[in-house]
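Undergrad: Turn this into a model:
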Amino acid sequence: MQFVSRYLSPLGLITLACDEVGLVGLWFDGQKYFGSTLLPSAAECGTPVLDDAARWLDDYFRGHRPSFIPPLSLNGSNFRLAVWNLLQEIPYGQTTTYKALAQCMAQNEGKNHMSAQAVGGAVGHNPVSIIVPCHRVLAVNGALTGYAGGLERKAALLELEGVL
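TA: As a prediction, the model looks like this:
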């Protein structure tokens, strides 16, 4: 069973979704891949997980580094899960590049090379935006690229964290 709630952020309406274990989705309404992990049977209802996610977002949008991570229930291929785990290691207020993530993935898998484009595809399909901080990933030249919620939101999130 999945549950959903809405959160009004300074950057627009956000849909939160969870299952019995943790958060399965956090999307800006209308973003690319919106609802990619959302079941049609999801019920609109408050749950402790959704309440935790809303508290996390409250702290975050006040400009504070949240002191906790709500429970997550990420579902994807082993490759995507590995990339999403790397995203969670990017500290608040810092960025990395798709190339650096690809190098880390290659090292973790004992390979000489990993495609930054493949990593970018996994980053772009991250279903739990902001909390799993895909907005902290930049092009190798520092350019803002590839954010499903829109580049203006990516810039606003990085500005909130003091990066831009």
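
Undergrad: Could you look up the SS state of V132?
TA: Here V132 is coil, with the state taken from DSSP: H, G, I helix; E, B strand; the rest coil.

Undergrad: got the contact list for it?
TA: Each residue near V132 by C-beta atoms under 8 Å, 6 or more residues apart in numbering is listed here: 72, 74, 84, 87-88, 126. The way it works is simple: take the backbone N, C-alpha and C, and place the C-beta from them, glycine included.

Undergrad: now the farthest one out in the protein, which residue is it?
TA: N112 (27.1 Å; C-alpha atoms, centre = their mean).

Undergrad: Surely that residue is in contact with Q103?
TA: No. With contact defined as C-beta atoms under 8 Å, N112 does not reach Q103; the gap is 10.1 Å.

Undergrad: What residues of stretch 155-164 count as buried?
TA: 156-158, 160-161 (16 or more other C-beta atoms under 10 Å).

Undergrad: Same question for stretch 56-66.
TA: Going by 16+ other C-beta under 10 Å, stretch 56-66 has these buried residues: 56-57, 60-61, 66.

Undergrad: swap in stretch 3-21?
TA: Buried, per 16+ other C-beta under 10 Å, within stretch 3-21: 3-5, 7, 11, 14-19.

Undergrad: quick one, strands of the chain?
TA: 3-9, 12-18, 23-28, 43-44, 96-97, 137-138 (DSSP state E).

Undergrad: Let me see the mean pLDDT of stretch 78-92.
TA: The average pLDDT within stretch 78-92 is 97.

Undergrad: Show me what that stretch is in contact with.
TA: Here stretch 78-92 has contacts from 65, 69, 74, 76, 96, 101, 104-105, 108-109, 118-119, 122-123, 125-126, 128, 132-134, 136-137, 161, using C-beta under 8 Å, 6+ apart.
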